[in-house]
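Asker: sequence? don't have it. structure:
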């Protein structure tokens, strides 16, 4: 993501020994030159002995936690230190054990400490026999030296549609968030980046006594995993990258891809819903369904629709673009909105909701309320220097993209705090390697659309990709998908498929995102759905 001026963090920097020239007459009498001791600037970190203890009184005894120290700035390893909270569940097999499987739930801003508990009931026994499951909160998140910007609730919502009349207010908001984050975090905030999190992972690898790590990362975790493979290719074992981020679109492009991906999903929804007109009464042709939807948006723009006591504007409706990747959910929601607009009270919700957490938290999280927001902006703003600095470019882009992508284009391209963020010390990582990895991708993923997964596959030339045709939702492995078999085979044998694969779930293999209890980050700005995030 950034330049390679800082060497891989565990590389040993050798100091050349000065050896005097020896003549034949003096060589036999000369003392052997003293060998210069190689200096490892990270020795104090890589040779830590973690103090493992039970994570919480209500968690299983085998679920252990520890804290690992890492440098805030890897260019100055002797400077300030921060904490990385790490957890583990040991492999269930002895002879079968291969090593460690690091886990990341996504984000940026996702807490991963409880990941071993969440996935212990989802991963197959053959995987759990071979790997210690290792969770961790990335730097700046949760229990890992959490960052904060001191944001008010009104400042946390960044889903701001472009309007000429409100654009100056949006610019002021973006500048205020950046200034508050700078005031609260200071120069240290630019160190909470993906590259440094990858360096933290490598310190964890060394502390655990492993030569290599395997990895299972979801969503943003795919980018974090890809960055690790680029920085430490020889320390990369078996990497599964699930619901993938396109590394060439870091980070503004990955927000804009939501708008691009929403349009074909919306078209698919109109076709699906038209075939079920007798159920939803939204139109018996795709064109009529589309008209019904946009008429509701226009009506709500004129006067908000009272939806069970909540006023809903046209912009509120458009901001729900993620629902169209799930046609049932979208049809139910729009049908209820239509009833509310007609003055009829919506029926009690019988829709699907996020499953409750199957495990108690491992600790009381005493973290700032805006930690998810602060860590999100820290990563997406400091990871790359490609954010435009001129507010007028955001205005032009938002106008252009609202015309191109009517559902969400202006939301995605409108100004963000990164326009005023202090730039990070490194450029974005260019992912371009032949490291083996397995990419998993649903065809209809609202947060990392299919084109995004294909982008990561192109960048990682040694990888293979499994595409779940018709697959909906964000997060695949562990959801009883047709892709699970391939992922399990790779983790247990190390063999990648000979070529990219496609599969389609049977009714018995229905990919249900709610069956995969990923601890998705609670604080991603503007996001309210449990799975509507990176």
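Answerer: Ah, there it is. Model, not experiment: these values are computed from the prediction.

Asker: C-alpha only now, for contacts and for neighbours.
Answerer: Fine.

Asker: quick one: low-confidence ranges for the stretch 51-200 of the chain?
Answerer: When the per-residue scores of the stretch 51-200 of the chain are filtered using pLDDT under 70, no range remains.

Asker: which residues of it fall in strands?
Answerer: With strands called from DSSP state E, counting those that start in this stretch, the stretch 51-200 of the chain shows them at 53-54, 64-71, 81-89, 99-104, 131-136.

Asker: ok, residues contacting the third one?
Answerer: Same thing as strand 81-89. Residues external to strand 81-89 that are found in contact with it (Cα atoms under 8 Å, 6 or more residues apart in numbering): 55, 62-72, 113-114, 116-117, 132-139, 143-145, 200.

Asker: next: stretch 283-303.
Answerer: Looking at what lies outside stretch 283-303 - Cα under 8 Å, 6+ apart - the contacts are 267, 270-271, 273-277, 282, 305, 312-315, 317-318, 334, 337-338, 341.

Asker: can you check stretch 377-391 too?
Answerer: Stretch 377-391 is contacted from outside by 1-2, 108, 171, 189-195, 250-252, 394, 415, 417-428, using Cα under 8 Å, 6+ apart.

Asker: quick one, strands of this structure?
Answerer: 53-54, 64-71, 81-89, 99-104, 131-136, 213-218, 236-242, 305-307, 310-312, 438-444, 464-472, 501-504 (DSSP state E).

Asker: now render the strands of the stretch 51-200 of the chain as JSON lines, adding distance to residue 122.
Answerer: Compiled in JSON lines, the strands of the stretch 51-200 of the chain are given as follows (distance: least, Cα to Cα, whole Å):
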{"stretch": "strand 53-54", "distance to residue 122": "22"}
{"stretch": "strand 64-71", "distance to residue 122": "19"}
{"stretch": "strand 81-89", "distance to residue 122": "14"}
{"stretch": "strand 99-104", "distance to residue 122": "13"}
{"stretch": "strand 131-136", "distance to residue 122": "12"}
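
Asker: closest to residue 257 out of the ones you listed?
Answerer: strand 99-104 (21.9 Å; Cα to Cα).

Asker: check which helices and strands the closest one sits against.
Answerer: Counting contacts by 3 or more Cα pairs under 8 Å, 6 or more residues apart in numbering; DSSP states H and E, strand 99-104 packs against helix 115-120, strand 131-136, strand 213-218.

Asker: can you put these in TSV and add distance to residue 450 and mean neighbour count?
Answerer: As requested, these are arranged in TSV below (distance: least, Cα to Cα, whole Å; neighbours: other Cα atoms under 10 Å):
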stretch	distance to residue 450	mean neighbour count
helix 115-120	24	21
strand 131-136	27	26
strand 213-218	14	25
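
Asker: which residues does the residue nearest in space to the middle of the chain contact?
Answerer: The centre of the chain sits closest to residue 220, judged by Cα atoms, centre = their mean, with a distance of 2.0 Å. Neighbour list for residue 220: 105, 106, 107, 108, 244, 245, 534 [criterion: Cα under 8 Å, 6+ apart].

Asker: quick one: the helices in the stretch 151-300 of the chain?
Answerer: In order along the chain, the stretch 151-300 of the chain carries the following helices (DSSP state H, counting those that start in this stretch): 153-156, 167-185, 194-207, 220-231, 252-274, 277-280, 286-302.

Asker: how is this protein carved up into domains?
Answerer: Residue ranges for each domain of the chain read 46-147+192-251+427-515, 254-341, as given by automatic domain parsing.

Asker: mean confidence for the last one?
Answerer: The average pLDDT within domain 254-341 is 97.

Asker: how far is it from where the chain is centred?
Answerer: What separates the centre of domain 254-341 from the centre of its chain is 27 Å, taken as Cα atoms, centre = their mean, to the nearest Å.

Asker: does residue 345 touch residue 338 like I think?
Answerer: No: at 10.3 Å, residue 345 and residue 338 do not qualify as touching, with contact defined as Cα atoms under 8 Å.

Asker: what's the neighbour count on the closest residue in space to residue 126 that isn't next to it in sequence?
Answerer: The spatial neighbour of residue 126 that comes closest, neighbours along the chain excluded (Cα to Cα, 6 or more residues apart in numbering), is residue 492 at 6.9 Å. Residue 492: 18 surrounding residues under other Cα atoms under 10 Å.

Asker: alright, I will stop here.
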